[in-house]
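> Coordinates for the following, if possible.
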Amino acid sequence: MFRFGPTVMTATAAMFLAGCGTGTKRHLDDVRYGTIMHNLTPELAGLSSSQDDIRSNSAVVGNMNLRMASDDLVRMWLMDKPSILTPYPTFSSSHQPQ
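Numbers count the residues shown, from 1 in each chain. Next comes the predicted model:
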């Protein structure tokens, strides 16, 4: 005959009680045939991307666009390199090739 200690009994009781929980509450409408057939892939917003993918991509693109706007303003005001019209030698402080 097997002898179980109090630790084994407590762990077993905890596993049984954890398995009896309701978990996430679902509405009855979520599992009906019509609801499932209406939207077969509820986690996808597009053909291959979820809402989280779309939000993170939009954040990255928006951040890039704001940083590029600063570069565009510098080029628009012709502040990205020294003028080539001067007869005197100049050096570029932008650390980019001319």
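> Return the per-residue confidence for T35.
We have a pLDDT of 75 for T35.
> Count the neighbours of it for me.
Counted with other C-beta atoms under 10 Å, the neighbours of T35 add up to 13. In short, each C-beta sits where N, CA and C put it, glycine included.
> same question, D53
D53, neighbours per other C-beta under 10 Å, totals 13.
> Remind me which helix or strand it belongs to.
D53 belongs to helix 51-76 when assigned by DSSP states H and E.
> can you map out the helices along the protein?
With DSSP state H as the criterion, the chain has helices at 6-19, 33-38, 51-76.
> Would you mark the buried spots in the shortest one?
Spelled out, that is helix 33-38. Neighbour counts over helix 33-38 (16 or more other C-beta atoms under 10 Å) mark no residue as buried.
> then that helix to PDB, C-alphas only?
C-alpha atoms of helix 33-38 as PDB (Å, rounded to 0.1, in the frame of the first residue of the first chain):
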ATOM      1  CA  TYR A  33     -22.900  28.200 -34.700                       C
ATOM      2  CA  GLY A  34     -24.000  31.500 -36.200                       C
ATOM      3  CA  THR A  35     -21.500  33.500 -34.300                       C
ATOM      4  CA  ILE A  36     -18.600  31.200 -35.200                       C
ATOM      5  CA  MET A  37     -19.600  31.100 -38.900                       C
ATOM      6  CA  HIS A  38     -20.000  34.900 -39.000                       C
END
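> Remind me what that helix packs against, helices and strands.
With contacts defined as 3 or more C-beta pairs under 8 Å, 6 or more residues apart in numbering; DSSP states H and E, helix 33-38 has no helix or strand neighbours.
> what about F91, distance to D52?
Separation of F91 from D52 (C-beta to C-beta, to the nearest Å): 48 Å.
> Could you report the neighbour count for A59?
10.
> before we move on, back to that, for the helix holding D53, packing partners?
Partner elements for helix 51-76 (3+ C-beta pairs under 8 Å, 6+ apart): none found.
> State the mean pLDDT of it.
92.
> burial count for P89?
6.
> Ok, Y88 next?
5.
> Also P87?
4.
> which residues does I84 contact?
For I84, the contact set (C-beta atoms under 8 Å, 6 or more residues apart in numbering) is empty.
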